[in-house]
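> heads up, no residue letters with this:
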């Protein structure tokens, strides 16, 4: 197995790392969705039902409550992972995680550790805290077992997966 420290050796695979970063990248969107959803909640009107309902009826209040709970859980998972990072690095680590790699993709801003906003610490310090943040997030959402399996069996699994990946429908039958 690769002995250098990179996303493959720490997170098990580049795909696992990308999946975690993509989930974290939804953080600002989830916060805005929650804000808008909470604004849209209005007390339901009073009504009288003249006959008993038969069958399953929609339960909009319960559905909204479940959606709100899901958004709050997603936001809380990122917030809890950020607690692992010293306060002076939190906003920078979160910003970099959300925006890194977006340069040139649909006009995204993107960012790099060499930008002025990150100049008060060495890039290796930023990378260390970003890695710890993402690993803590992985632990919170239950991905660490998968990462450990990828690290343990990664090279042989990758070879076997490449064999399966090259199969075409006529070969499978």
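Sure thing, it's come through. Keep in mind the model is a prediction, meaning the values are calculated, not measured. Numbering: from 1, shown residues only.

> does residue 137 really touch residue 76, like I thought?
No - using C-beta atoms under 8 Å, residue 137 is not in contact with residue 76; the gap is 11.3 Å. Where C-beta positions appear, they are placed from N, C-alpha and C, glycine not excepted.

> looking at these two, which is more packed in?
residue 137 (22 against 11; other C-beta atoms under 10 Å).

> distance check, the more buried one against residue 119.
26 Å (C-beta to C-beta, to the nearest Å).

> same question, residue 18
Distance, residue 18 to residue 119, using C-beta to C-beta: 27 Å.

> those two: which has the busier surroundings?
Just comparing residue 18 and residue 119: by other C-beta under 10 Å the higher neighbour count belongs to residue 18, 13 against 10.

> that one is in what secondary structure piece?
Using DSSP states H and E, residue 18 sits in helix 14-25.

> contacts for that helix?
7-8, 10-11, 78, 81, 94, 97-98, 100-101, 134, 137-138, 141, 143, 146-147, 150 (C-beta atoms under 8 Å, 6 or more residues apart in numbering).

> apply 7 Å and report the result again.
By C-beta atoms under 7 Å, 6 or more residues apart in numbering, the surrounding residues in contact with helix 14-25 are 7-8, 11, 78, 97-98, 134, 137-138, 143, 146-147, 150.

> quick check: buried residues in it?
16-17, 20-21, 23-25 (16 or more other C-beta atoms under 10 Å).

> can you list those in JSON lines and add distance to residue 113 and pLDDT?
Shown next, in JSON lines, are these (distance: C-beta to C-beta, whole Å; pLDDT from 0 to 100):
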{"residue": "16", "distance to residue 113": "22", "pLDDT": "92"}
{"residue": "17", "distance to residue 113": "17", "pLDDT": "92"}
{"residue": "20", "distance to residue 113": "19", "pLDDT": "95"}
{"residue": "21", "distance to residue 113": "15", "pLDDT": "93"}
{"residue": "23", "distance to residue 113": "22", "pLDDT": "96"}
{"residue": "24", "distance to residue 113": "17", "pLDDT": "96"}
{"residue": "25", "distance to residue 113": "17", "pLDDT": "93"}
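
> looking at those, which is nearest residue 90?
Top of the list for closeness to residue 90, among the buried residues of helix 14-25 and by C-beta to C-beta, is residue 24 at 12.8 Å.

> returning to that earlier point: and the contacts of helix 14-25, which of them are buried?
Here, 16+ other C-beta under 10 Å leaves 7-8, 11, 78, 97-98, 134, 137-138, 143, 147, 150 buried among the contacts of helix 14-25.

> quick check: residue 142 is in a helix.
No - under DSSP: H, G, I helix; E, B strand; the rest coil, residue 142 falls outside any helix and is assigned coil.

> backbone phi and psi for it, please?
phi 90, psi 30 (degrees, to the nearest 10).
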